[in-house]
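S.K.: Need a 3D model of the following:
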Amino acid sequence: MQGGGGVSCAVAGEAPSPAGPHHHHHLAGGGGGGGARRLGLTIDPAGDVEAPAERIGRLVRESPVVIFARRGCCMCHVMRRLLAAVGAHATVIELEEAAEEAAASAAAAAAVPALFVGGAPVGGLDGLMGLHLSGRLVPRLREVGALCG
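M.R.: Predicted structure coming up:
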């Protein structure tokens with residue numbers, strides 16, 4: 001799928017939006033996925049209620065590039081843009097509860113927005129920039145199968 005000269009990876013069964021294939025999932029505390037779309041990520045498997053730490057761990061394992069952030073986070077936008085510029089599209093999980101934010105921060109050993117690549121914590125924007133400037137970002141993304149093409 002080619003658009004505007006950039007490379008686009010779409011999740012099977014999902015039509016990319018005009019702004020690109022940005023995947024946003026909202027996590028809310030309660031069980032039952034109540035209308036949550038399943039795009040390879042299971043928000044609430046079988047309606048079970050997961051502890052925030054378990055949910056964060058599972059989401060990190062299910063997607064090669066995940067960013068946990070608050071809604072409207074400008075740093076998350078910058079992270080997404082950098083990843084897209086090198087050919088990877090992150091799954092963005094917007095955290096809606098303090099317990100989820102605390103669990104994501106603890107798992108990443110960084111404040112949100114928190115990035116995970118291949119299940120491993122990268123940290124925040126500073127960690128992503130460090131990987132990119134050292135020339136290790138693209139090889140790491142390729143290693144975990146997160147690059148298009």
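
S.K.: Apart from its chain neighbours, what residue comes closest to Val144?
M.R.: Gly118 (3.3 Å; CB to CB, 6 or more residues apart in numbering). The C-beta positions use only the backbone N, C-alpha and C, and glycine is treated the same way.

S.K.: Equivalent analysis for Phe68, please.
M.R.: Nearest one to Phe68, counting by CB to CB, 6+ apart, is Ala104 at 3.8 Å.

S.K.: my read is the one you found is in a strand, agree?
M.R.: No. Under DSSP: H, G, I helix; E, B strand; the rest coil, Ala104 falls outside any strand and is assigned helix.

S.K.: who touches the residue nearest to Ala51 when sequence neighbours are not counted in this structure?
M.R.: With CB to CB, 6+ apart as the criterion, Ala51 has its nearest non-adjacent residue at 7.9 Å, and that residue is Ala103. Each residue near Ala103 by CB atoms under 8 Å, 6 or more residues apart in numbering is listed here: 51-53, 55-56.

S.K.: now swap in Pro113 and tell me
M.R.: 67-70, 73, 75-76, 79, 124-125.

S.K.: switch the cut-off to 6 Å
M.R.: Contacts for Pro113 (CB atoms under 6 Å, 6 or more residues apart in numbering) come out as 67, 69, 73, 75-76, 124.

S.K.: Tell me the one among the residues you listed nearest to Ala98.
M.R.: When those are compared for distance to Ala98 (CB to CB), Ala69 wins out at 14.2 Å.

S.K.: Determine how far the last residue of stretch 120-128 lies from the first.
M.R.: 12 Å (CA to CA, to the nearest Å).
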